[in-house]
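[1] Sequence and predicted structure, then a few things I'm wondering about:
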Amino acid sequence: MTETTTKRKRKQDTKKPPIKPAPRWSKQKKKEIEGLVIKLAKERYNSAFIGIVLRDRYGVPDVKKITGKNITQIMIENKVYPDIPEDLLNLLKKAVNLKGHLEKHKQDKHSKKGLEDIESRIRKLGKYYSRKKTLPKDWRYSYEEAKLIVQK
């Protein structure tokens, strides 16, 4: 096999199986799962971690197939979704950690470039979420504000 077919084959192997209905072996009901999602969200877990907990502890194969909504939609409907979207918050955490690293290691050129790339992605996402009215119109990235947000 050539290298491209190997990559293509591996990518196909990682897809979820095309099963439409919820599996019969799943014991949880829609209300139970939504309650668990809300409970875990109130404990300040992000949606990815909530999905892992539901899969590993409670044996929920796929939240969307059982409830008809994904975890983020359930969190938004019940007003337990964080003020700042998760992808942006993760980038803010990365930027704060990298900035702390660069304060100790001033000559680290690779990390400096990485910080520039992360900050660029933060600004792009900030503009996107401002247009979508998820963030305020006047939201701007600054390291000091990011540090305060991450410390919460």
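    Arrived safely, thanks for sending.
[2] mind listing the strands for the chain?
    Under the criterion DSSP state E, the chain carries no strands.
[3] Break it into its domains for me.
    The chain breaks down into these domains under automatic domain parsing: 22-77, 86-151.
[4] Next, give phi and psi for the closest residue to Ile38 other than its chain neighbours.
    In space, and not counting its chain neighbours, Ile38 is closest to Asn78: 5.1 Å by C-beta to C-beta, 6 or more residues apart in numbering. From N, CA and C alone the C-beta is placed, and that goes for glycine too. Torsion angles at Asn78 (phi, psi; degrees, to the nearest 10) stand at phi -100, psi 10.
[5] What is the burial count for Asn78?
    14 (other C-beta atoms under 10 Å).
[6] how close does it sit to Thr67?
    12 Å (C-beta to C-beta, to the nearest Å).
[7] between those two, what contacts are shared?
    Glu34 (C-beta atoms under 8 Å, 6 or more residues apart in numbering).
[8] quick one: average pLDDT of stretch 41-59?
    Model confidence over stretch 41-59, given as mean pLDDT, is 90.
[9] Quick one: residues in contact with that stretch.
    Counting by C-beta under 8 Å, 6+ apart, 26-28, 33, 36-37, 40, 60-61, 63, 70-72, 75, 78, 80-82, 86, 89 sit against stretch 41-59.
[10] Could you list which of those residues belong to helices?
    Secondary structure from DSSP state H places 33, 36-37, 40, 63, 71-72, 75, 86, 89 of the contacts of stretch 41-59 in helices.
[11] Of those, which is the most crowded?
    Most surrounded of the ones in helices among the contacts of stretch 41-59: other C-beta under 10 Å gives Val37, at 28 neighbours.
[12] On the pLDDT front, check it for me.
    93.
[13] Now do the buried residues in the helix ranked longest in the chain.
    Longest helix of the chain, by residue count under DSSP H: helix 109-131. The neighbour-count check on helix 109-131 (16 or more other C-beta atoms under 10 Å) flags 114-115, 118-119, 121-122, 125-126, 129 as buried.
[14] Sweet, I'm off.
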